[in-house]
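# sequence unknown, structure follows:
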Ligand SMILES: CCCCCCCCC/C=C/C(=O)SCCNC(=O)CCNC(=O)[C@H](O)C(C)(C)COP(=O)(O)OP(=O)(O)OC[C@H]1O[C@@H](n2cnc3c(N)ncnc32)[C@H](O)[C@@H]1OP(=O)(O)O
């Protein structure tokens, strides 16, 4: 695994804007850096080839352009090095991922907005289409884009007393077709229609009932349970497992691959609408008030 990280650093050097600080190396792990701070910690178990990716962008792991790019680069490296499994989790207490950084969509720079959307597409294509066995260890709230990351994985384990769902309509925005397809693949057409139109955030227990998550375990058992489940995936002959996953997902992946630029244009045109900007502004205001009341 050592070469993985040497190459990783080279990738970072090729992108100085994204990776300005030197990476910290340990025998079996690496910390990837972004412009802001250490926001992604990837540990690879050199015996099993299983990577654990911890998101660490406080306060809520919201996905801005730089963070998405870090995730995308990390996924590419893990794939290139033929890692066999990935456990995706959070290092931020009580939050798995708050979804897209709303500030990227509110009063946006239109050029950056499009790059931002492409970077989200990249993450989705890499994670949903990954050859690795992927398990989401959902140790906190997981709205919208956070739910998308979790549903891209092959299996989901969640701690109690959190929420998960595609709540986009509550912000006055709409989940694009590939969010829908991902959700449909997990909970089916009817439940997805219900979830999307109402923007439902499910409690952990409700999510288990509709099979949005596969298993619920206490907070401190989420990662051990993911490691245990991973063993089951790794026992299956690699090519058979990968081809079966590909059989289930290829058409969905291809749909976005073929329509990427149309999807970017649709997103941009939607996001800059006055009514959408107004809704996002009001939602941000509501979040700010809620956060101030806590302080
Ligand atoms: C045709 C095609 C069309 C395409 C059309 C477009 C499709 C777009 C698809 C969109 C996908 C998305 O993911 S949209 C994103 C949806 N995400 C959400 O709705 C999550 C909103 N956040 C929350 O519910 C909560 O913050 C939650 C995650 C549960 C954590 O609650 P807490 O009480 O622990 O923390 P809070 O006090 O609320 O938040 C802490 C701070 O983080 C900020 N914050 C929270 N979530 C944030 C976020 N997503 N982006 C930015 N900032 C966020 C708050 O404002 C606070 O900032 P300060 O006041 O400065 O402290």
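Okay, I see it. Fair warning: this is a prediction, and the values are worked out from it, not measured in the lab. Numbers count the residues shown, from 1 in each chain.
# by proximity to the ligand, which residue of the stretch 1-150 of the chain wins?
Distances from the stretch 1-150 of the chain to the ligand, computed as CB to the nearest ligand atom, single out residue 99 as the nearest residue at 2.6 Å. C-beta here means a position set from N, CA and C on the backbone, and glycine is covered the same way.
# what is the burial count for that residue?
Look at residue 99: counted by other CB atoms under 10 Å, it has 23 neighbours.
# per-residue confidence for it?
Reported pLDDT at residue 99 in the predicted model: 98.
# close to the ligand: what parts of the stretch 101-250 of the chain are there?
The interface of the stretch 101-250 of the chain toward the ligand, taken as CB under 6 Å from any ligand atom, is made up of 101-103, 141, 143-145, 167-168, 171, 173-176.
# which one of those is nearest residue 79?
Nearest to residue 79 among these: residue 145, at 20.8 Å, using CB to CB.
# pretty sure the closest one sits against residue 63.
Yes. With contact defined as CB atoms under 8 Å, residue 145 counts as touching residue 63 (5.2 Å).
# now for those two: what residues contact both?
Shared contacts of residue 145 and residue 63 (CB atoms under 8 Å, 6 or more residues apart in numbering): 97, 99, 100, 120.
# spell out which helix or strand contains the last one, please.
Under the assignment given by DSSP states H and E, the secondary-structure element containing residue 120 is helix 110-128.
# mind pulling up the phi and psi values for residue 212?
Listed backbone geometry of residue 212 is phi -70, psi -30, with angles given as degrees, to the nearest 10.
# tell me the contacts of it?
If you count contacts by CB under 8 Å, 6+ apart, residue 212 has them with 147, 151, 156, 164, 165, 186, 187, 202.
# how much space separates it from residue 205?
For residue 212, the distance to residue 205 under the criterion CB to CB, to the nearest Å works out to 11 Å.
# from the shared contacts of residue 145 and residue 63, which land in helices?
Using DSSP state H to define helices, the subset of the shared contacts of residue 145 and residue 63 located there is residue 120.
# can you list the weak-confidence ranges in this structure?
Per-residue confidence for the chain (pLDDT under 70) gives these ranges: 1-37.
# how far does stretch 243-254 sit from the chain's center?
Offset of stretch 243-254 from its chain centre (CA atoms, centre = their mean, to the nearest Å): 19 Å.
# likewise stretch 194-205?
Distance of stretch 194-205 from its chain centroid, counting by CA atoms, centre = their mean, is 18 Å.
# how about it: buried residues?
Taking 16 or more other CB atoms under 10 Å as the neighbour-count basis, stretch 194-205 is seen to contain the buried residues 195, 196, 199, 200, 201, 202, 204.
# OK, contacts around residue 62?
Remark: with contacts taken as CB under 8 Å, 6+ apart, residue 62 is in contact with 97, 98, 99, 100, 101, 102, 103.
# wait, I meant residue 124
Residue 124 neighbours (CB under 8 Å, 6+ apart): 148, 152, 178, 182, 256.
# picking that back up, quick one, phi psi at the residue of the stretch 1-150 of the chain closest to the ligand?
The phi/psi pair for residue 99 (degrees, to the nearest 10) reads phi 90, psi -160.
# go ahead and confirm it touches residue 150.
No. Between residue 99 and residue 150 no contact is recorded; they are 10.8 Å apart, counting by CB under 8 Å.
# kindly list the longest strand within the protein.
With DSSP state E setting the assignment, residue counts place strand 38-45 as the longest strand in the chain.
# that one: partners in the sheet, and parallel or antiparallel?
Taking DSSP bridges as the criterion, strand 38-45 pairs within the sheet with strand 29-33 (antiparallel), strand 50-55 (antiparallel).
# which residues touch the last one?
In this structure, residues lying in contact with strand 50-55 by CB under 8 Å, 6+ apart are 39-45, 61, 67, 71, 74, 78, 83-92, 96-97, 132, 223, 227, 230, 234.
# whichever of those end up buried, select them in PyMOL.
For selection in PyMOL, the members of these meeting the burial criterion (16+ other CB under 10 Å) are listed in this command:
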select buried, resi 39+40+41+42+43+44+45+61+67+71+74+78+83+84+85+86+87+88+89+90+91+92+96+97+132+223+227+230
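# mind listing which of the contacts of strand 50-55 are in strands?
Counting by DSSP E, the members of the contacts of strand 50-55 that fall within strands are 39-45, 85-90.
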